[in-house]
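K.L.:
coordinates only, no sequence provided:
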């Protein structure tokens, strides 16, 4: 990166090199475990299993192209995460960055409430999904059909996730190593078997006359000729990449808090792109679009096609991997969310109790316990409303993801704006690309919101408007109300005394807990 001219004040920060400690164990994990945490948070096996069929339904054989196109805004947003983390490596991540650039109200709402609400809804769904898949794998489908039993076991998995998170970041990272390895082996095994079947002419789709051999047109976003379907498919792809940013929460515990998380973000998203595109190509080539979009297959593609491609034994491994994928994501949330609360509590944006740490293990024990209790309450509450309500709630999460990803990308553009007048690389990497990522995320938000307005969306409506829209917009509206109430109670934070507003030219104004020695 080129150095800015001297007229922009980027002198070394006079504060100590090591910021005030939050109690986390610095230097505990390297690039490998950090990437494993990022991958686990996405739950790639589960995400593919339940989303791939609907992408095929939208774009047909152009599904690999939809995954490629959906990756573009994710990559541009990942660049923003990388650069902001290098500048402000804090376990609070988007909360700190958005607060620093746009002020405490935007920071608490878009960097605190929105991602946390999305995460809580997702956690309830993950606990339920992990329970259902594992029960089916064990041959206990009759228990999986009982919502109360599923909710009770899901709460047990939440407690297990909290216990592992509380034992220390090293244990959490090694558990994720094992779980993500199983997922990648399962996906890789499916792809090898599917391509082998295509090569020998024994694939399911070929036998039924419905599949085609992989073609370069599958990777052309405009080959389908259906722009509406393409947009729908890309938005579905966009949101199954979600979760990689959870690794930012462990940045203060990595070997290089400025560099490692940013590298891990890019590596994680590229690995996801590779497995998603290859698996999509293998599935379409093996089964054909007609087989994948069959009502018996569309909502759980890997569990149906896996045994057909690999045989019953390895097919069961794939089903197990899908269930453990959801569990791995739940365990990652148990690590990331409490660390976000730790940061928010440190800056006075949450009660001070959230900053209580275990003296030996370096984990935010109070925040982890609170996460477990709240997640269990949400899981039981949503189950009590309706056995299908969690599914409706998870559909609304897309709005929240697009909102805080867009806000983070815009924060990067504004924060680094002074550099863009002096460096072509800064203009492109810190300005144009993150800015385009933000615009694409805003477009995804608007498109999704309009789509959810339809009373036909997900088959349920209230007052002539889709129920998913009410859930998503309702969660955002509630966040605005909560933020307004807290402004009168958390005055030090909301008066910008703990995180002052600024950009890259005002690094010296950061409080010592946010500051690091910066390069000239």
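P.N.:
Nice, thanks for sending it over. Not measured: the values here are computed from a predicted model.

K.L.:
I figured residue 60 hits residue 289, correct?
P.N.:
Yes: counting by C-beta atoms under 8 Å, residue 60 touches residue 289, with 4.9 Å between them. Bear in mind the C-beta positions are built from the backbone N, C-alpha and C, glycine included.

K.L.:
now do residue 156 against residue 61, distance only.
P.N.:
For residue 156, the distance to residue 61 (C-beta to C-beta, to the nearest Å) stands at 42 Å.

K.L.:
more neighbours: which of these two?
P.N.:
Legend: neighbour count by other C-beta atoms under 10 Å for residue 156 and residue 61, higher for residue 61 (21 against 12).

K.L.:
so the more buried one sits right up against residue 217, yeah?
P.N.:
Yes: with contact defined as C-beta under 8 Å, residue 61 reaches residue 217; the gap is 7.5 Å.

K.L.:
can you give me the strands in the chain?
P.N.:
461-462, 465-466 (DSSP state E).

K.L.:
out of those strands, the one nearest residue 247 is which?
P.N.:
Counting by C-beta to C-beta, residue 247 lies closest to strand 465-466 out of the strands of the chain; the figure is 33.2 Å.

K.L.:
chain center to that closest one, what's the gap?
P.N.:
26 Å (C-alpha atoms, centre = their mean, to the nearest Å).

K.L.:
state the mean pLDDT of it.
P.N.:
Strand 465-466 shows an average pLDDT of 82 in the prediction.

K.L.:
cool, and stretch 332-341?
P.N.:
92.

K.L.:
going forward, begin numbering at 15 instead of 1
P.N.:
Will do, 15 is the new start, and the previous item becomes stretch 346-355.

K.L.:
which residues are contacting stretch 413-425?
P.N.:
Taking contacts as C-beta atoms under 8 Å, 6 or more residues apart in numbering, the residues outside stretch 413-425 that touch it are 87, 90-91, 94-95, 98, 108, 111-112, 114-116, 120, 124-125, 128-129, 131-132, 252-253, 256, 448-449, 451-452, 455-456, 458-459, 462-463, 466, 486-487, 489-490.

K.L.:
among those, which ones are in helices?
P.N.:
Residues of those located in helices (DSSP state H): 87, 90-91, 94-95, 98, 108, 111-112, 114-116, 120, 128-129, 131-132, 252-253, 448-449, 451-452, 455-456, 458-459, 462-463, 466, 486-487, 489-490.

K.L.:
my read is that residue 167 contacts residue 143, right?
P.N.:
No: here residue 167 lies out of contact with residue 143, judged by C-beta under 8 Å, at a distance of 11.7 Å.

K.L.:
the two: which has the busier surroundings?
P.N.:
residue 143 (26 against 21).

K.L.:
retrieve the pLDDT associated with the closest residue to that one other than its chain neighbours.
P.N.:
Nearest residue to residue 143 in three dimensions, chain neighbours excluded: residue 340, at 4.2 Å (C-beta to C-beta, 6 or more residues apart in numbering). Per-residue pLDDT puts residue 340 at 89.

K.L.:
any idea how far residue 192 is from residue 340?
P.N.:
15 Å.

K.L.:
could you do residue 106 as well?
P.N.:
Where residue 192 is concerned, residue 106 sits at a distance of 28 Å (C-beta to C-beta).

K.L.:
ok, the two, which is more surrounded?
P.N.:
residue 106 (30 against 12).

K.L.:
hang on, the more buried one packs against residue 364?
P.N.:
No: taking C-beta under 8 Å as the definition, residue 106 is not a contact partner of residue 364, at 10.3 Å.

K.L.:
give the rounded mean pLDDT of stretch 433-442.
P.N.:
pLDDT averaged over stretch 433-442 gives 88.

K.L.:
now do stretch 45-55
P.N.:
pLDDT averaged over stretch 45-55 gives 87.
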